[in-house]
Every structure is written in structure tokens, then in C-alpha cells.
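> Need the 3D shape of this:
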Amino acid sequence: MIAKIDISSDEYKSELEKTVKFSDKVNEQFGYVYNPDPEINESVQMGLTRNKMIYGKRFCPCFMVIGETKEEQKEADNRICPCKPAIEKEIPEQGSCHCGIFCTPEYVAQHKQEEVIDKVTHTHSRGLTKEECEILLKKEQLDGDELEALLEAKNLDFINFTLVDVREWMEWQQMRIVGTDALVPTTSFYEALSQIEDKKFEPIIVYCLTGSRSNYCMNAMKQMGYAQVSNLTYGIVSFHGDKESGA
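Numbering: from 1, shown residues only. Here you go, the predicted model:
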């Protein structure tokens, strides 16, 4: 049976107010801050309130509550906010809990920087700073505008990275991105990779036609110990910057 809670009821409003005070105290106790997206915070607080009204405990709203009785729920070790995995692992390692409501100040600061970078790269309002380039290069997936901005910054010596085409030689000859440093065809990937083995601990961006082959190669490189590899998500077809052809 679906539990139906009237969010306009006085009971719900009163419990929601208690939940907001509860999450305020969690932030204060652990030195966390709220997610910069207020919709995430509101959604999680509503979920915590719902679970408190149904189960009597603020179970994490991002996971199913297992068990019909209190004893079964305790035995199932359901997450109760603020949950142990979030405090001990998720927030220290990722900057936010699984649900996203509790964050470190550093995570929020970086999130704000990323929003600025996103606006700059997609509106072309200005060039990227060195710090913004370094943040952008840490992304696993890049779009065409972001790669174009990074190539511009590379030409200005703000940043350095290796751009790798993982398509085949005939595709590379027909059309490639200006600034491509190496051709490492997927069909001879492990053999051809030796030409950039000395770049193992430097930023590398890989691309193919649509992003599928290069995503596969990116994951393979990471398993081989390449420290910082990014993929052009939608491939060369999404890149509107300078291209060239020929041997």
C-alpha cells in the first residue's frame, strides 16, 4: 500500500520544521554546509520528514527502508540520517553525502567555480584562467566548447595537456582537431599507446567520432595507471573549433 501524506497538513508542516532544525544541527555539529542547490536540500528534508512520520526515524530518503517491523528494520541496518557511510566515507572522499544535502565547504566552493567555468566556456564571454583550466581538466567528460576553451588556453601557455585521437588512421587523415598531439588507433591501442607512455602522470584528453570508442579507451588507460584522462563526450562531431585534414 502506498503511504499518502498530506503535505498541507499541520502535522506534516510541524514535522518538516523539526527536520530543518535537525539538518541545521547536523551541519553545525560536523562543519558541513548545505548543497548550493536549494531544491536538493528541500527534497531531502521532505523525504526525511516523510520517513519520520511513517517509520518514526529519519531514514535516508535515497534508499529503500527494509523491514516491516522495527526489529526487522534495525536488523537490516537501514541508513539513518546522518548515516555512518556518509560521515566516514562519502563526505570526506567525495565532498557530499549520497543524497547531496550535506557538503564540505570546499565542495561547495568548487561547485560554484565549476558553474562559472561552465558559463564562460559555453557563452565564450572570456578566456579561462589557469586555475579554471586546471579545474576543467579534472572532469572525466568534456564537451566541445570545453575542449575548445582548453585548446585556446593551451596555445596561450596557461595549461598543458596531451590531445589524443583514438580513431583509425584513415579517419585521422580525413579530419582531425587542430592541436591533436597523437594518434592512438583503437584497433592497435596498446601497441600505439607507447608513444605517450611518458605522459602517464599528465592530463590527457581522448576523442573519437562520437565519444564511444574514446570513452572505452579512457577507462582502459585509467586501469593501466594513467592518472588524469578526460573524454570528449560526443566526439569530434560535437567540436566546432578548428579542424584540419591531410597526412
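
> Secondary structure element holding Val164?
According to DSSP states H and E, Val164 maps onto strand 162-165.

> who does that strand touch, helix- and strand-wise?
strand 176-177, strand 182-183, strand 203-207 (3 or more C-beta pairs under 8 Å, 6 or more residues apart in numbering; DSSP states H and E). In this view, the C-beta of every residue, glycine as well, is placed from N, C-alpha and C.

> and among these, the most buried is which?
strand 203-207 (a mean of 26; mean count of other C-beta atoms under 10 Å).

> Touching that one from outside, list them.
The contact list for strand 203-207 (C-beta atoms under 8 Å, 6 or more residues apart in numbering) reads 137, 142, 147, 150, 159-166, 177, 184, 196, 214, 217-218, 221, 226, 228-232, 235-236, 239.

> Next, report how far the helix or strand following that strand is displaced from the centre of its chain.
Moving toward the C-terminus from strand 203-207, the next helix or strand (DSSP H and E) is helix 212-223. Offset of helix 212-223 from its chain centre (C-alpha atoms, centre = their mean, to the nearest Å): 17 Å.

> Tell me which helix or strand comes right after helix 212-223.
strand 228-232.

> List just the one of the helices and strands packed on strand 162-165 that sits closest to Glu106.
strand 203-207 (21.0 Å; C-beta to C-beta).

> Neighbouring strands - and their directions - for that closest one?
Neighbouring strands of strand 203-207 in its sheet, by DSSP bridges, are strand 162-165 (parallel), strand 228-232 (parallel).

> Now do the last one against helix 212-223, angle only.
Regarding strand 228-232 and helix 212-223, their directions subtend 170 degrees when assessed with axes from the mean of the first three to the mean of the last three C-alpha atoms, to 10 degrees.

> got CSV for the strands paired with strand 203-207, with mean neighbour count too?
As requested, these are exported to CSV (neighbours: other C-beta atoms under 10 Å):
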stretch, mean neighbour count
strand 162-165, 22
strand 228-232, 23
